[in-house]
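> Would you be able to build a 3D model of this:
(3 chains)
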Amino acid sequence: MEFTAQQIANILEGTVEGNPDAVVKTFAKIEEGQPGAISFLANPKYAHYLYETRSSVVLVNRDFTLEREVNTTLVRVANAYESIARLLSVYESMTQKRSGIHPLACVAESARLGEDVYVGAFAYIGDGATIGSGTQIYPHTVIEERVSVGENCIFYPNVSVYHDCKIGNRVILHSGCVIGADGFGFAPAATGYEKIPQIGIVTIEDDVEIGANSCIDRSTMGSTYIRKGVKLDNLVQIAHNVEVGSHTVMSAQVGVAGSTKVGQWCMFGGQVGISGHISLPDRTQAGAQAGLHTGRTDGRPLMGTPAIDARNFAKSSAIFKKLPDMREEMMALRREVEQLKLQIENTKNRE
Amino acid sequence: MEFTAQQIANILEGTVEGNPDAVVKTFAKIEEGQPGAISFLANPKYAHYLYETRSSVVLVNRDFTLEREVNTTLVRVANAYESIARLLSVYESMTQKRSGIHPLACVAESARLGEDVYVGAFAYIGDGATIGSGTQIYPHTVIEERVSVGENCIFYPNVSVYHDCKIGNRVILHSGCVIGADGFGFAPAATGYEKIPQIGIVTIEDDVEIGANSCIDRSTMGSTYIRKGVKLDNLVQIAHNVEVGSHTVMSAQVGVAGSTKVGQWCMFGGQVGISGHISLPDRTQAGAQAGLHTGRTDGRPLMGTPAIDARNFAKSSAIFKKLPDMREEMMALRREVEQLKLQIENTKNRE
Amino acid sequence: MEFTAQQIANILEGTVEGNPDAVVKTFAKIEEGQPGAISFLANPKYAHYLYETRSSVVLVNRDFTLEREVNTTLVRVANAYESIARLLSVYESMTQKRSGIHPLACVAESARLGEDVYVGAFAYIGDGATIGSGTQIYPHTVIEERVSVGENCIFYPNVSVYHDCKIGNRVILHSGCVIGADGFGFAPAATGYEKIPQIGIVTIEDDVEIGANSCIDRSTMGSTYIRKGVKLDNLVQIAHNVEVGSHTVMSAQVGVAGSTKVGQWCMFGGQVGISGHISLPDRTQAGAQAGLHTGRTDGRPLMGTPAIDARNFAKSSAIFKKLPDMREEMMALRREVEQLKLQIENTKNRE
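So this is what the prediction gives:
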């Protein structure tokens, strides 16, 4: 790409302050600025970098007040963060999509592929699988028998999709993620655990993105559901029979146990654990490492294990830290109360 | 498959209530019932679905009492949950096992394969490896040099088994799991950490199932052991030199640090962490997210970090939530005690 | 290998006690000793095994005092643990490095490979990638476009490296690890989350080792950095824009959220979680499962969520366990104080 400050202002409906002909070819963080790069300033914490940056152009909020002169060209926009995201999307859309079937791919004869599909070297498409138009299957990804994949998906290298799963449109699966492995179901017997076959599937709806090495298990029967627009980070675990509601976001290393129903528009911090067989309401929020054992929430963010109101957790944690002092104080009170009892006893006796 | 209600009752030693000729071809959850499907009702919580289900046949417990008429045919059995598991196994056993060496597989000349082995496209079997009869190696799985694999195993796509590991019979490894990567061993030196070579192996005994993207590290010397019948869920970490005792079950994202010995028939909830160099007795149970730092248990389920008796944890957690109130009360007591001291002092002075 | 006790003593600058001609061909844990093996004793906890071991040679510390006779030959050295590590390295260095391009590998014409490079079966090297001399790329590993890899690296099977990432010399990547997947960045909108393209890279410096199934996300712009000598265990998550300082060590299942800067020579136990946008000083230490929400530390080891001084955590945890008793005691104090108040009131009234 190669844009002038003025062209960028035009794209973003912004105004140029400085050299409208300043040319940028790449992006850089403001603190790592370089000539020919565009940066952005959204967080006021980083404002001091603006006066030193070597980037040729910097996006700033319309209402940002300069404290002194800058050596760079500013493009003022309504929202610098949203604008850089928009610009990154324009940039990304200019990279060429991959297409064509690599001669070293293995595509079953009975598989049906749409138009402009890419299947990379060593990718494997099993019997009866269908791949929608514009979808890109990177090298080494395995799509097992009868899986259906929608249009314009990207599956990065080394993804595994087990048989019969259904995947919507514009779904992004990052490397190493495993869709449709058996749910963890065993019946105890005297001589060991007996496997309960998992004959269900996984259904992933449109516009879902799933991070590297995340796992979505197939259902015992019926389907595990990842609803429209869900975004899962890396190393997330979704157990069998779970339903994750639309537009819910889970940070890395979250785990959801079996048969739980997670609402829409929820947000979970890293390493959160969610128990099985519960139902979490829409817009549930929980901070990192929280442990949700019930579906009871009052709509406020949760923290801790078992999870409680985050503000309550913060207060209780502050006191937890001082429990040794509190205990000392309690023992002191005990001694003083005993002392008082004695004194009153003595007073009485003297009467 | 296609069975009548009567045939199912015969298989499960049950009795038909309704149409013995009702035909089922598939399974469905009771709340997602459909004509031609069989469902089951084990948890009384779901009993209301029985009166609305569209499934043609429903398995119920022998002693279940109907509250009103149903539109479906019932098959009454001793234990509906066990019966559906049995039926799923019958169904699963009817799906054809894969066999044959795919022309795009890479099998070293010195590897030895038993009878009826399946090796999928792009699977890799290294020098001197042995694969037992009836074992299925799915596409893209890597078996390194001199690994021995028993009979009737299933290794799903994208599994990695490092050199020299030993794997028993009927072992199931799900996609992305890594057996025998180097244990995490380094010796600190002034200029950085020096790697301690990990020349041991991993031994996995019969009837073990390991979930997607789980990792079992090779031993520094000798072997890491996963004993007979162990079931590990997804994203589990077993460090070097660990031994996991027979029939122990670990939920997703559990981590066991180096050189720890876990007993038999233990059960661990999701995200449990177990310290290194400890020994956990047989039948240890710990709830989700617990942190086990010692091998001391009194045989009751554990919770929390550091882990304590689960009932104790529940009680203490209930109070943790109220610590701010408790602190207020303590400060109130302090003020009142000071007041009392003053009053008594005054009383004395007046005497 | 085949060494006599005397040869081993010479290598390690130690002294033989017993048969200098005792021959060893392999290594064994002292408790699993066998004729022809060498073991070591470093931890005094295991001293009793010395008197029963069947190993032909045992390394012990120079100052170790025998309690009775042994049947094995001792080699006394300054530090038995360091010595066994040194010996394992000698042993490891004798195993032949792999080299040569397997005929089933897929190497882009525009890729540049150094001397003595190994590229295994089905490995994939994309357009414009460079692989330094002596580097070993195991079967099934994917190196995407324009990635640069230094010299003498080992990438085990099923590793995925996304486009444009930069990897130094002597870097070890274990199976299933994913380098350069998209950072988790989305902008909320009314109809769902919009993806913020992640156009940065991952930079991994020299002498880094990364465990199986760990994930290092690419930066939004610029680079995520894993500095020289860092050692990451399995299933670790490093989010976008993070910098991990030189010689920092993270145990399995640690997660670091976006834009955080971790200092040098830090140590983190398993399952530790580190919040985003914070800066951790050099030599920060945190115990297993700790949750670090701020960069404030006083240089002492941390524990708990939110993390506090580990000794404080131990004390507070001991009291947490007794909170039900403490509450009882508080209620008893309350009753007694009320009683005292009444008595004093009565005394006054009597006056």
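
> list the contacts for the closest residue to A:Met94 other than its chain neighbours?
Excluding the flanking residues, the one nearest A:Met94 by C-beta to C-beta, 6 or more residues apart in numbering or on different chains is A:Met1, at 5.9 Å. Backbone N, C-alpha and C define where each C-beta goes, glycine included. When contacts are counted by C-beta atoms under 8 Å, 6 or more residues apart in numbering or on different chains, A:Met1 touches A:25-26, A:90-91, A:94.

> Narrow these to those in strands?
Of those, the ones assigned to strands by DSSP state E are A:Thr26.

> tell me which of the contacts of A:Met1 is nearest to chain C?
Chain C lies nearest to A:Tyr91 out of the contacts of A:Met1, by C-beta to the nearest C-beta, at 6.5 Å.

> and the gap between the closest one and A:Gln6?
Distance of A:Tyr91 to A:Gln6, computed by C-beta to C-beta, to the nearest Å: 17 Å.

> doesn't A:Val58 make contact with A:Ala28?
No. The pair A:Ala28 / A:Val58 is not scored as a contact, 9.9 Å apart, by C-beta atoms under 8 Å.

> Give the residues shared as contacts by the two.
Listed as contacting both A:Ala28 and A:Val58 by C-beta under 8 Å, 6+ apart are A:38-39.

> more neighbours, those two?
A:Val58 (27 against 23; other C-beta atoms under 10 Å in any protein chain shown).

> so which strand or helix has the more buried one?
Under the criterion of DSSP states H and E, A:Val58 resides in strand A:57-61.

> what about dumping the CA coordinates of that strand to PDB?
Only the C-alpha atoms of strand A:57-61 are listed here, as PDB (Å, rounded to 0.1, in the frame of the first residue of the first chain):
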ATOM      1  CA  VAL A  57       1.500  10.300  10.000                       C
ATOM      2  CA  VAL A  58      -0.300   9.800  13.300                       C
ATOM      3  CA  LEU A  59      -4.100   9.400  13.800                       C
ATOM      4  CA  VAL A  60      -5.400  11.300  16.800                       C
ATOM      5  CA  ASN A  61      -8.900  12.000  18.200                       C
END
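
> anything in that strand near chain C?
No. With C-beta under 8 Å from any C-beta of the partner chain as the criterion, chain C is not reached by strand A:57-61; the gap is at least 12.2 Å.

> Contacts for that strand next, please.
Residues from elsewhere that reach strand A:57-61, judged by C-beta under 8 Å, 6+ apart: A:5, A:8, A:12, A:14, A:22, A:24, A:30, A:33, A:37-42, A:50, A:70, A:72-80, A:83-84, A:87.

> and after that strand, which helix or strand comes next?
In N-to-C order, the element after strand A:57-61 by DSSP H and E is strand A:73-77.

> Show me what that next one is packed against.
For strand A:73-77, the packing partners by 3 or more C-beta pairs under 8 Å, 6 or more residues apart in numbering or on different chains; DSSP states H and E come out as helix A:5-12, strand A:15-17, strand A:57-61.

> partners of A:Thr203 in the sheet?
Beta-bridge pairing for A:Thr203 (DSSP bridges): A:Lys166, A:Tyr225.

> Kindly report the same for A:Thr130.
A:Arg112, A:Ser148.

> number of nearby residues for it?
As a burial measure, A:Thr130 scores 18 neighbours (other C-beta under 10 Å).

> What of A:Asp63?
Residues lying near A:Asp63 (other C-beta under 10 Å) number 7.

> circling back: which among the contacts of A:Met1 end up buried?
Burial by neighbour count, 16 or more other C-beta atoms under 10 Å in any protein chain shown: within the contacts of A:Met1 this picks out A:Tyr91.

> want to try CSV for the contacts of A:Met1, with distance to C:Gln285 as columns?
Putting the contacts of A:Met1 into CSV (distance: C-beta to C-beta, whole Å) gives the following:
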residue, distance to C:Gln285
A:Lys25, 43
A:Thr26, 38
A:Val90, 44
A:Tyr91, 41
A:Met94, 46
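
> Reformat the contacts of A:Met1 as CSV; add pLDDT.
Shown next, in CSV, are the contacts of A:Met1 (pLDDT from 0 to 100):
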residue, pLDDT
A:Lys25, 92
A:Thr26, 90
A:Val90, 87
A:Tyr91, 86
A:Met94, 83
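
> closest to B:Asn234 among the contacts of A:Met1?
Ranked by distance to B:Asn234 (C-beta to C-beta), those are led by A:Tyr91 at 35.6 Å.

> mind listing what that closest one touches?
Neighbouring residues of A:Tyr91 by C-beta under 8 Å, 6+ apart: A:1, A:27, C:197, C:199.

> which other helices and strands contact the longest helix out of those in chain A?
Longest helix in chain A by number of residues, with DSSP state H as the criterion: helix A:323-350. If you count contacts as 3+ C-beta pairs under 8 Å, 6+ apart, helix A:323-350 packs onto helix B:323-350, helix C:310-320, helix C:323-350.

> Give me whichever of those is most buried.
Counting by mean count of other C-beta atoms under 10 Å in any protein chain shown, helix C:310-320 has the highest mean neighbour count of the helices and strands packed on helix A:323-350, with a mean of 18.

> I would like the residues contacting that one, please.
With contacts defined as C-beta under 8 Å, 6+ apart, helix C:310-320 is touched by A:320-324, A:326-327, B:304, B:306, B:316, B:320, C:287, C:300-304, C:307-308, C:326.

> And for stretch A:102-116?
A:97, A:99, A:101, A:119-135, A:139, A:145, A:151, B:104, B:121-122, B:139, C:106.

> again, but for stretch A:73-87
Under the criterion C-beta under 8 Å, 6+ apart, residues A:5, A:8-9, A:11-20, A:22, A:27, A:38, A:40-42, A:56-62, A:64, C:187, C:194, C:196-197 lie in contact with stretch A:73-87.

> What subset of these is buried?
Among the contacts of stretch A:73-87, the ones that count as buried by 16+ other C-beta under 10 Å are A:5, A:8-9, A:12, A:14, A:16-18, A:20, A:22, A:27, A:38, A:40-42, A:56-61, A:64, C:196-197.

> A:Arg296: how many residues sit nearby?
A:Arg296: 10 neighbours (other C-beta under 10 Å).

> Where does it sit: helix, strand or coil?
Three-state assignment for A:Arg296 (DSSP: H, G, I helix; E, B strand; the rest coil): coil.

> quick one: it and A:Gly263, what's the gap?
Computed as C-beta to C-beta, the A:Arg296 to A:Gly263 distance reads 13 Å.

> now do A:Thr347
Note on A:Thr347: its distance to A:Gly263, by C-beta to C-beta, is 64 Å.

> so where's chain A shaky on pLDDT?
Counting by pLDDT under 70, chain A contains low-confidence residues at A:351.

> Contacts only, for the closest residue to A:Gly134 other than its chain neighbours.
Nearest in space to A:Gly134, with sequence neighbours left out and distances taken as C-beta to C-beta, 6+ apart, is A:Asn152 at 4.2 Å. Contacts for A:Asn152 were tallied using C-beta under 8 Å, 6+ apart; they are A:132-135, A:169-170.

> Show me those residues that map onto helices.
Per DSSP H, the subset of those in helices is empty.

> what's the closest of those residues to chain B?
Nearest member of these to chain B, counting by C-beta to the nearest C-beta, is A:Thr135, at 18.5 Å.

> which residues sit in contact with the closest one?
With C-beta under 8 Å, 6+ apart, A:Thr135 has these contacts: A:114, A:117-118, A:149-155.
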